[in-house]
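Just the structure for this:
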Amino acid sequence: MKPLVSATFLIAATLVSGAAAVRADEIRACDFKLKSGCIGGDAKVTLADAKLQHLEFDITWCGLHKGAPGYTCMLDAARSDGGSKWSEDGGATVITSSSDTPTQRDSIKVTVGRFVSIDFSHAQSGGRCGAGAELPRALVIPEKKGRPCRVFLSPDEQ
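Predicted coordinates:
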């Protein structure tokens with residue numbers, strides 16, 4: 001009787017731990033430093049069943065003069081926050097700001113696969129960034145943990 005109880009317990013424990021792993025959110029994150037450390041920041045996404053649920057991003061630019069405080073851009077958007085509109089577009093998630101107007105598009109496109117690609121090319125820096133800072137054109141979170149983000153700045157900043 002004792003081996004049957006032990007086997008039953010082992011099978012039940014395996015099933016419960018496997019189910020927990022399937023339901024757990026996946027977090028992918030990275031950080032970066034560019035231009036001799038003058039630009040730095042980090043990005044983090046939370047996925048559930050490989051679908052984007054939450055995006056956090058910040059970038060800090062050096063001050064204009066040595067020792068001056070820097071300038072920052074921040075973004076924190078969740079599918080459930082009510083402050084942004086989330087839609088799907090050809091395998092990517094598009095996050096549109098509530099301040100989006102027909103004349104000034106304000107959206108971020110996130111594609112999840114082996115890497116997480118964040119396209120800021122249609123995002124407005126105003127409202128997210130202090131004077132002197134701006135969003136990059138794009139950012140890629142690598143597949144492997146501990147690796148830096150790949151950041152693509154606007155052509156005039158490279």
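
When you work out contacts or count neighbours from here on, use the C-alpha atoms and nothing else.
OK.

Can you tell me the SS state at Phe32?
strand (DSSP: H, G, I helix; E, B strand; the rest coil).

show me what contacts it?
By C-alpha atoms under 8 Å, 6 or more residues apart in numbering, Phe32 lies in contact with Gly40, Gly41, Asp42, Pro148, Cys149, Arg150, Val151.

For the residues you listed, give me TSV that also has pLDDT, distance to Ser125 and secondary structure.
As requested, these are exported to TSV (pLDDT from 0 to 100; distance: C-alpha to C-alpha, whole Å; DSSP: H, G, I helix; E, B strand; the rest coil):
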residue	pLDDT	distance to Ser125	secondary structure
Gly40	92	16	strand
Gly41	94	15	strand
Asp42	96	17	strand
Pro148	94	23	coil
Cys149	96	20	coil
Arg150	96	19	strand
Val151	95	16	strand
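
Let me know the closest of those residues to Phe120.
Nearest to Phe120, judged by C-alpha to C-alpha, of these is Val151 at 10.8 Å.

and the residue lying closest to the closest one once chain neighbours are set aside, which of the three is it?
Nearest residue to Val151, sequence neighbours excluded (C-alpha to C-alpha, 6 or more residues apart in numbering): Leu139, at 4.5 Å. Assigned by three-state DSSP, the conformation of Leu139 is strand.

check contacts around Leu139.
Ser117, Ile118, Asp119, Phe120, Cys149, Arg150, Val151, Phe152.

separation between it and Arg147?
Look at Leu139 and Arg147: by C-alpha to C-alpha, to the nearest Å, they are 13 Å apart.

again, but for Asp58
Asp58 is 17 Å from Arg147, by C-alpha to C-alpha.

For Glu134, list the residues it contacts.
Counting by C-alpha under 8 Å, 6+ apart, Glu134 makes contact with Thr72, Cys73, Ser125.
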